[in-house]
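S.K.: Make a model of this:
(one chain, ligands or ions: 2)
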Amino acid sequence: MIALFVKSPRFLDTTLRDGEQTPGVSLKPDDKLNIATLLSDIGVSVIEVGSAVASDGERESLRLISDAGLAAEICTFVRGVQLDIDYAADYGAESVHLVIPVSDLHIEKKLRKDREYVTQMAWDSVEYAKERGLIVELSGEDASRADQAYLYDLYAGGVERGADRICFCDTVGVMTPERASEIIPPLAALAPLSIHCHNDLGLGLATTLSAMKSGASCAHATVNGLGERAGNTPLEELVMSLEVLYGVKTGIRTDELYHLSTLVSRLTRVPLPTNKAIVGEMAFTHESGIHAHGILRDAATYEPIMPEMVGRRRRILLGKHSGSASVEAALSEMGYKTETRQLQEIVSRVKQLGDEGKRVTDSDLHAIAEAVLDISCTPVIRMKQFTTVSGNSVMPTASVTLTVNGEDITQASTGAGPVDAVIMALRKAVQDVGDITLEEYHVDAIYGGTDALVDVTVKLMKDGELITSRGARTDIIMASVEAMISGMNRLLREKDENRGKNTH
Ligand SMILES: CC(=O)SCCNC(=O)CCNC(=O)[C@H](O)C(C)(C)COP(=O)(O)OP(=O)(O)OC[C@H]1O[C@@H](n2cnc3c(N)ncnc32)[C@H](O)[C@@H]1OP(=O)(O)O
Ligand SMILES: CC(=O)C(=O)O
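M.R.: Numbers count the residues shown, from 1 in each chain. Ligands and ions are numbered 1, 2, ... in the order given. Alright, predicted model coming up:
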């Protein structure tokens, strides 16, 4: 089975073209350059950076990325239209993804033409693009619903006229993996073949793998599976499946996949589903006691791949499904030592919080542990007052007065909004006692009316230590301040090796 894959498969990443066609997504040239640079650095062979014909901004992006001297081949989408090909050549593309509708449905209903017209358009476009000095990937749009004999002849004539590669598009994600294994081999014998799959029925990855196993030497994919409608084959899932399940060396730096994913999610503003394979927040997070217990003995019990392979870290969350093994491990991380009955009591309080529907944060565990172990710690920081101002004609501003180690400190800051301003002011107020960075801010459980409870979770980092903390109030600013103060107190408290083990 393994031998059927080509030895060094190539990847054409189309995050910046098909991925950007995700409704509502629009990337500025600099954003595209950032993503293209990382794609090239991790080893993607070809980057389709957009559609040069679409807008001035698209052409500016193409020029910027083409001039950046990246190792990857820079490609752009073109129709069978001379203007598109001219833009590609004039703005610095090395190659074109020349897309030609090939199913009768697309030819007759969309273009209102016939097969002969489209064949001629395809071949003329190949010749023209070659004259303009471009590498040509001749692509059949809706190829999986096309008459396969017609498609074969169109590709064969295109290759005779100079097409360097051909591409088979399963445009609406209807090709099964079984069908791919029948259709692809004769086409792949014509020229190097790329496979481009969509995920309308959730089969994008399976069909791409099947096509690659059947002779496709290049796969089109997008970061996070972005793309039209339900998206395209996700690059991170494809690369990891090839590496881990099929033993194929992809040449991709897998340890940068998570970094790439978060960059794309941030710039496109498309959040990652928490359970998304490889890159979702929960992909390497465990809560259930049985799983956590297994993981703590040997991670392979419940993890098919090591999180480090994709640049991630394992997390064990606490909640109502936790068991004593994971709670003990979390306590020990925090420097607490417990005896059996103390541990049992802490586990039961953790479960109680879970039963109330709450996420159990580090600060919650800390508070429970201190109560059960009867340790009273004086908080390093206490809030004395804070004020925020925002409105349509003022810059959002906040001032805070904190008592830090017994001394009053007042700081003020502006921000993108009142929450941002107050968080910046808080961080300024504690900067002399610790460099605390806000790694993540998350608002949850906003349901009901405008007076609903708001649940804010923050992730804070100090000296490489990452903790989560929560605040729950009906006022989002109060909830944010509560989460920040409680988290900062956790980080600023000295770790006491002798903590815990009180017997009573
Ligand atoms: C499956 C895919 O992902 S295909 C890629 C989709 N990407 C895009 O659409 C890129 C963004 N698109 C755009 O900016 C615009 O649609 C443009 C600039 C390409 C065209 O804009 P307009 O000239 O206003 O045309 P409009 O968008 O209304 O219609 C598309 C035109 O392209 C033609 N066309 C569509 N596909 C092709 C093709 N592969 N080759 C040649 N012509 C094509 C259509 O027939 C139609 O032309 P017509 O009105 O003369 O029949
Ligand atoms: C070209 C393309 O993106 C498709 O057919 O899906």
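S.K.: Give me the contact list for the worst-scoring helix or strand of the chain on mean pLDDT.
M.R.: The weakest-scoring helix or strand in the chain, judged by mean pLDDT, DSSP states H and E, is strand 465-473 (a mean of 84). With contact meaning C-beta atoms under 8 Å, 6 or more residues apart in numbering, strand 465-473 is reached by 358-359, 361-364, 439, 453-461, 478-484, 486-487, 490-491. Just so you know, the C-beta spots here come from the backbone N, C-alpha and C atoms, and that holds for glycine as well.
S.K.: now, which of the residues you listed lie within helices?
M.R.: 362-364, 478-484, 486-487, 490-491 (DSSP state H).
S.K.: Just give me the closest of those residues to Thr401.
M.R.: Val481 (12.1 Å; C-beta to C-beta).
S.K.: Show the contacting residues for that closest one.
M.R.: Counted by C-beta under 8 Å, 6+ apart, Val481 has contacts Met383, Phe386, Val422, Leu426, Gly471.
S.K.: now swap in Arg297 and tell me
M.R.: Residues near Arg297 by C-beta under 8 Å, 6+ apart: none.
S.K.: distance of it from Ala283?
M.R.: 21 Å (C-beta to C-beta, to the nearest Å).
S.K.: Just the pLDDT at the nearest residue to Gly92 once chain neighbours are set aside, thanks.
M.R.: Distance criterion C-beta to C-beta, 6 or more residues apart in numbering; nearest residue to Gly92, sequence neighbours excluded, is Ser66 at 2.9 Å. Listed pLDDT for Ser66 reads 98.
S.K.: repeat for Ala3
M.R.: 41.
S.K.: Tell me the one among the ones in helices among the contacts of strand 465-473 nearest to ligand 2.
M.R.: Relative to ligand 2, the closest of the ones in helices among the contacts of strand 465-473 is Ser480; by C-beta to the nearest ligand atom it sits at 41.7 Å.
S.K.: ok, how many other residues are close to that closest one?
M.R.: 23 (other C-beta atoms under 10 Å).
S.K.: shouldn't it be in contact with His442?
M.R.: No: using C-beta atoms under 8 Å, Ser480 is not in contact with His442, being 10.5 Å away.
S.K.: Name the residues contacting each of these two.
M.R.: Between them, Ser480 and His442 share the contacting residues Val456, Val458, judged by C-beta under 8 Å, 6+ apart.
S.K.: could you list every residue that touches Ser66?
M.R.: Per C-beta under 8 Å, 6+ apart, neighbours of Ser66: Ile74, Tyr91, Gly92, Ala93, Glu94.
S.K.: With Leu402 instead?
M.R.: Leu402 neighbours (C-beta under 8 Å, 6+ apart): Ile381, Arg382, Met383, Lys384, Asp408, Ile409, Gln411, Leu426, Ala429, Val430.
S.K.: Which of the contacts of Val481 are buried, as a PyMOL select command?
M.R.: Buried residues among the contacts of Val481 (16 or more other C-beta atoms under 10 Å), as a PyMOL selection:
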select buried, resi 383+386+422+426+471
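S.K.: What residues sit buried inside the least confident helix or strand of the chain?
M.R.: Buried, per 16+ other C-beta under 10 Å, within strand 465-473: Ile467, Thr468, Ser469, Arg470, Gly471, Ala472, Arg473.
S.K.: Any stretches of the stretch 401-504 of the chain with poor pLDDT?
M.R.: Residue ranges of the stretch 401-504 of the chain with pLDDT under 70: 445-448, 494-504.
S.K.: Grab the nearest non-local neighbour of the closest residue to ligand 1 within it.
M.R.: For the stretch 401-504 of the chain, the residue closest to ligand 1 is Ala416, as judged by C-beta to the nearest ligand atom, at 31.4 Å. Leaving aside its chain neighbours, Ala416 sits nearest to Pro396 (6.9 Å; criterion: C-beta to C-beta, 6+ apart).
S.K.: would you say the one you found is within a strand?
M.R.: Yes: secondary structure assignment places Pro396 in a strand (DSSP: H, G, I helix; E, B strand; the rest coil).
S.K.: Enumerate the residues of the stretch 51-200 of the chain near ligand 2.
M.R.: With C-beta under 6 Å from any ligand atom as the criterion, the stretch 51-200 of the chain meets ligand 2 at residues Val99, Ser139, Glu141, Cys169, Thr171, His196, His198.
S.K.: Tell me the confidence at the residue most central in space within the chain?
M.R.: With distances taken as C-alpha atoms, centre = their mean, Ser261 lies nearest the centre of the chain, 3.1 Å away. Ser261 is assigned 97 on the pLDDT scale.
S.K.: Now do the same contact list for it.
M.R.: Residues near Ser261 by C-beta under 8 Å, 6+ apart: Val223, Asn224, Glu236, Leu272, Ile278, Val279.
S.K.: Mind listing what's buried along the helix or strand harbouring it?
M.R.: Per DSSP states H and E, Ser261 falls inside helix 257-268. Within helix 257-268, the residues scored as buried using 16+ other C-beta under 10 Å are Leu257, Tyr258, His259, Leu260, Ser261, Leu263, Val264, Ser265, Leu267, Thr268.
S.K.: wait, what's in contact with the first one?
M.R.: Just to be clear, that refers to Leu257. Taking C-beta under 8 Å, 6+ apart, we find Leu257 in contact with Ile42, Leu235, Glu236, Val239, Met240, Ile278, Val279, Val310, Gly311.
S.K.: Surely Glu137 touches Gly162?
M.R.: No: contact between Glu137 and Gly162 fails when scored by C-beta under 8 Å: they sit 11.8 Å apart.
S.K.: Next up, the contacts around the residue of the stretch 251-400 of the chain found nearest ligand 1.
M.R.: The minimum distance from the stretch 251-400 of the chain to ligand 1, using C-beta to the nearest ligand atom, falls at Thr268 (16.4 Å). Applying C-beta under 8 Å, 6+ apart to Thr268 gives the contacts Gly19, Glu20, Thr22, Val25, Leu27, Leu226.
S.K.: Not including adjacent chain positions, what is the nearest residue to the fifth one?
M.R.: This points to Leu27. Glu20 (5.7 Å).
S.K.: give the contact list for the one you found.
M.R.: Counted by C-beta under 8 Å, 6+ apart, Glu20 has contacts Ser26, Leu27, Gly50, Leu226, Thr268.
S.K.: now do 10 Å
M.R.: 14, 26-27, 31-32, 35, 48-51, 54, 58, 61, 222, 226-227, 268 (C-beta atoms under 10 Å, 6 or more residues apart in numbering).
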